[in-house]
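Engineer: Give the three-dimensional model of this entry:
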Amino acid sequence: MPDPIQIVEALLFASDSPVEAERIREVLELGEAAEARALVEELKARYDADSRGLSIVEVGGGFRMVTRPELAPWLLRLARSRSRARLSRSALEALAIVAYRQPVSRPEIDSIRGVNSEAVLESLLDRRMIRIAGRKDAPGRPFLYETTREFLVAFGLRDLVDLPKVQARPGEPGSGGEAGTAPAAGPSVAGDAPPESPGSGGASLPSG
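Structural biologist: Numbers count the residues shown, from 1 in each chain. A predicted model of the protein is given here:
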């Protein structure tokens with residue numbers, strides 16, 4: 001029979017939401033919830049005594065295993081590194097369009113890129129770089145896409161306002177020296193580029 005504290009540790013590690021003392025009591029078949037709470041407190045004390053990278057916190061009526069706040073900078077570096085490593089050129093192109101044109105539908109993205117973007121958008125959804133923001137009031141009611149907090153973290157942005165400004169090309173609206181000032185209304189990303197030249201103006205997302 002494993003140590004009850006080991007079981008509590010496994011429960012907290014495996015759960016993606018706070019685990020209530022009553023739930024721990026049920027799983028371990030304890031007499032009182034107070035016994036479950038005491039096991040959690042003992043586990044927490046062990047983590048604190050060993051100065052581990054993880055700690056146990058009480059939040060939302062339950063207990064969670066979390067990383068220590070002081071380690072956040074290294075976790076952000078890891079998230080950025082992973083996200084960039086996995087994104088292909090086509091994914092970055094579609095992501096830039098979503099970032100600057102959001103909320104934007106797939107037909108609009110297809111029109112700008114000149115190719116079908118379904119697989120690329122599914123990949124970005126899987127990686128939580130974008131999410132579905134609703135449906136467009138247009139024939140077929142296509143999904144609208146917008147970027148996520150994970151996108152901001154991956155590219156080191158505090159807000160969408162931090163997106164690099166894109167200079168409009170001569171002949172385009174706003175080309176009189178007025179760069180885009182807001183992501184939702186910014187000028188072209190792969191721009192208002194004609195379909196026959198897909199990807200000619202992919203946005204340069206920040207690299208730092």
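Engineer: contact partners of the worst-scoring helix or strand of the chain on mean pLDDT?
Structural biologist: Counting by mean pLDDT, DSSP states H and E, the chain has its least confident helix or strand at helix 72-86, which shows a mean of 76. Defining contact as CB atoms under 8 Å, 6 or more residues apart in numbering, one finds that helix 72-86 is touched by 67, 127, 129, 150, 153-156. Backbone N, C-alpha and C define where each C-beta goes, glycine included.
Engineer: change it to 10 Å
Structural biologist: Residues outside helix 72-86 that contact it (CB atoms under 10 Å, 6 or more residues apart in numbering): 53, 67-68, 92, 95, 123, 126-129, 150-151, 153-156, 205, 207-208.
Engineer: Then stretch 48-56?
Structural biologist: So stretch 48-56 is contacted by 8-9, 12-13, 40-47, 63-71, 74-75 (CB under 10 Å, 6+ apart).
Engineer: Going by neighbour count, list what's buried in that stretch.
Structural biologist: For stretch 48-56, the neighbour count (16 or more other CB atoms under 10 Å) marks I56 as buried.
Engineer: quick one: it to chain centroid distance?
Structural biologist: Taking the mean of its C-alpha atoms, stretch 48-56 sits 26 Å from the chain's own mean (CA atoms, centre = their mean, to the nearest Å).
Engineer: That stretch spans what distance, first to last residue?
Structural biologist: In stretch 48-56, first residue to last residue: 9 Å (CA to CA, to the nearest Å).
Engineer: pLDDT of that stretch, averaged?
Structural biologist: Mean pLDDT, stretch 48-56: 90.
Engineer: pLDDT at the most centrally placed residue in the chain, what is it?
Structural biologist: For the chain, the residue nearest the mean C-alpha position is E150 (2.1 Å; CA atoms, centre = their mean). Note on E150: pLDDT of 84.
Engineer: from what I can see it touches M129, true?
Structural biologist: Yes - using CB atoms under 10 Å, E150 makes contact with M129 at a distance of 6.2 Å.
Engineer: which residues in this structure form helices?
Structural biologist: 4-14, 21-28, 33-49, 72-86, 89-101, 106-113, 118-126, 149-154 (DSSP state H).
Engineer: relative to helix 21-28, how tilted is the longest one?
Structural biologist: Okay, so that is helix 33-49. Angle, helix 33-49 to helix 21-28, by axes from the mean of the first three to the mean of the last three CA atoms, to 10 degrees: 100 degrees.
Engineer: now the residue nearest to the centre of the chain: how far from P103?
Structural biologist: 17 Å (CB to CB, to the nearest Å).
Engineer: Next one: the residue of the chain positioned farthest from its centre, what pLDDT does it get?
Structural biologist: For the chain, the residue at maximal distance from the C-alpha centroid (CA atoms, centre = their mean) is G31, at 41.1 Å. Reported pLDDT at G31 in the predicted model: 93.
Engineer: can you tell me the distance between the two ends of stretch 136-150?
Structural biologist: 24 Å.
Engineer: Then stretch 94-107?
Structural biologist: One end of stretch 94-107 to the other measures 12 Å (CA to CA).
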